[in-house]
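# Fold the stuff below for me.
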Amino acid sequence: MSIDIERLNARAAEIAATESAVLLERTHASLHWYERALHSMPMGVGSSFQQGDPYPIYLTHGHGSRVWDVDGHEYVDTHGGFGCMVIGHAHPKVAEAIARAATHGTHFAAPTPQTVELAEEICDRYEMEQLRFCNSGTEATMNAIRIARAHTGRDHIVKIEGSYHGHHDTVMFSVVPGADVLGGRDQPATTPMSLGIPKWLADYTHVVPFNDLSVLSNLLDERGGEIACLILEPVMMNIGIALPEPGYLQGLKDLLHRHGCVLIYDEVKTGTAIARGGAGDRFGVRPDLTCVAKATFGGTPGAAFGGVADIMQTIERGAAQQGTFNGNPLVAAAALATLRDVLTPDAYVRLAELGTRLATGCRHAIESCGIPAHTVDLGAKGCVSYRPEPLRNYRDFLDTNVAIYAASYPWMVNRGIFMTPGDEEQWTLSVQHSDADVDRYIEAFSDLCSELTR
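Numbers count the residues shown, from 1 in each chain. Take a look at the predicted model:
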């Protein structure tokens, strides 16, 4: 079915304007809290990723598959705390584990048996030989890169164009670059995302495209002896979702190892969400080091990185890795309950059913209305991207239709679907979502598609 894109975009702009006005009218309490928060926090939020246009929705609580805002509205939650809440909200087994742990002490800064048990559980899932704990995805990727540098004795690293690996300086390059600062396809630019990053760091961080081995091969032929590691999301998730093409991950690993470089997976978003052992499990290619956080820790501020023992034992040979809250008992209790009691083999079967139901329903709506978009289904994770063909890399993402997303966000939120506030994000389903929750999303999205093309 052919469609007039100019007319579609005009209609999308109309819907965005109407629905945004409705959203502002129904969220007066969020506006109140935003105006109050501006006095104590820049942008009125605790993290810049939480900001909204013109203000974010402030939440009060969550239970099961639902969240409630300060205006009293109830939503089916597909935001999932930016992908953390695959267990859903206030899961009784996790809540009980945290409460029980709290009665025995909330922090020691000393090892506990639960920390050891959690290390064993994560190592088993991800086929790691050893790991260390930290407190966020940012810390995990920062530590993994330091260990790789120490292990190889090299200072340079490689990252993927358009990927986000946390907010430490080394990886804050080429995260969301505009088309005017991309550089050439064969030599992507190392463009800083933030003010305050030393300019000289750009000389040590090199950028290559996703799903492309040729640019990396040329870089390694030229400077392989200086490069410690490559870090990537094995499924690229800073652009919606881009899947690795067949043979890409194994080719990447072989190429890096040929030059003595370490392969690091950033599984902060994919880990535990798309398979029991993350992308390494789902696609059958294990890296040298893996970084995990978010869903693996049941919605608590925990993270870990680990892999090959010889690389991890660089810590014993002088590579610094520490943190007062590493292995915190509340976090360990939540993560053990998450991994042992909630995210069981049966849970992944159920998540696969829900994910397929949602992606299929959205795809049918897209196809029936001729919307230039596609869906991706990865069980608990999935998305609609407003581009007809699947994404291979960041430059493909720049071709997506932002106008349709701008209409979709307020439309869905006004109909009780709490979504991530960015066209680069995706949905997260939980073990507490129901078929009815999924069908509610499909119904709202199908109505949007119809409205866009009427």
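# Which secondary structure state does the residue nearest the centre of the chain sit in?
For the chain, residue 269 is the residue whose C-alpha lies nearest the centre (C-alpha atoms, centre = their mean; 3.6 Å). Applying DSSP: H, G, I helix; E, B strand; the rest coil to residue 269 yields a three-state assignment of coil.
# which non-adjacent residue is nearest it?
Of all residues beyond its chain neighbours, the one nearest residue 269 is residue 237 (4.6 Å), with distances taken as C-beta to C-beta, 6 or more residues apart in numbering. Bear in mind the C-beta positions are built from the backbone N, C-alpha and C, glycine included.
# Could you tell me which helix of the chain is the longest one?
Criterion DSSP state H: the longest helix present in the chain is helix 345-369.
# does the residue nearest to the centre of the chain really touch residue 233, like I thought?
Yes - in this structure, residue 269 is within contact of residue 233 by C-beta atoms under 8 Å, at 6.7 Å.
# Contact partners for the residue nearest to the centre of the chain?
Contacts of residue 269 were listed using C-beta atoms under 8 Å, 6 or more residues apart in numbering, and they are 83, 233, 235, 237, 294, 381.
# In CSV, list those along with neighbour count, secondary structure and pLDDT.
CSV is the format used below for those (neighbours: other C-beta atoms under 10 Å; DSSP: H, G, I helix; E, B strand; the rest coil; pLDDT from 0 to 100):
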residue, neighbour count, secondary structure, pLDDT
83, 24, helix, 94
233, 25, coil, 98
235, 24, coil, 98
237, 25, coil, 93
294, 27, helix, 97
381, 24, strand, 97
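# What is the most widely separated pair among these?
Among those, the pair separated by the greatest distance (C-beta to C-beta) is 235 and 294, at 13.6 Å.
# Torsion angles phi and psi at residue 78?
Here the main-chain torsion angles of residue 78 (degrees, to the nearest 10) amount to phi -110, psi 0.
# Burial check on it, number of neighbours?
Neighbourhood size, residue 78 [other C-beta atoms under 10 Å]: 23.
# quick one, what contacts it?
In this structure, residue 78 makes contact with 417-420, 427-429, 441, judged by C-beta under 8 Å, 6+ apart.
# coming back round to it: report all helices and strands that the longest helix of the chain contacts.
Counting contacts by 3 or more C-beta pairs under 8 Å, 6 or more residues apart in numbering; DSSP states H and E, the secondary-structure elements packed against helix 345-369 are strand 374-378, strand 381-385, helix 435-453.
# Looking at these, which is nearest to residue 101?
When these are compared for distance to residue 101 using C-beta to C-beta, the nearest one is strand 381-385, at 28.5 Å.
# just the helices in the stretch 151-300 of the chain please.
Ranges of helices within the stretch 151-300 of the chain are 214-223, 248-258, 278-283, based on DSSP state H, counting those that start in this stretch.
# most tightly surrounded among the ones you listed?
Across the helices of the stretch 151-300 of the chain, the average number of neighbours (mean count of other C-beta atoms under 10 Å) peaks for helix 278-283, which reaches a mean of 22.
# Return that one as PDB; C-alpha atoms alone will do.
As requested, C-alpha coordinates have been extracted for helix 278-283 and formatted as PDB (Å, rounded to 0.1, in the frame of the first residue of the first chain):
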ATOM      1  CA  GLY A 278      21.300 -12.400  27.700                       C
ATOM      2  CA  ALA A 279      22.400 -11.900  24.100                       C
ATOM      3  CA  GLY A 280      25.400 -14.200  24.500                       C
ATOM      4  CA  ASP A 281      22.900 -16.900  25.200                       C
ATOM      5  CA  ARG A 282      20.400 -15.900  22.500                       C
ATOM      6  CA  PHE A 283      23.000 -15.500  19.700                       C
END
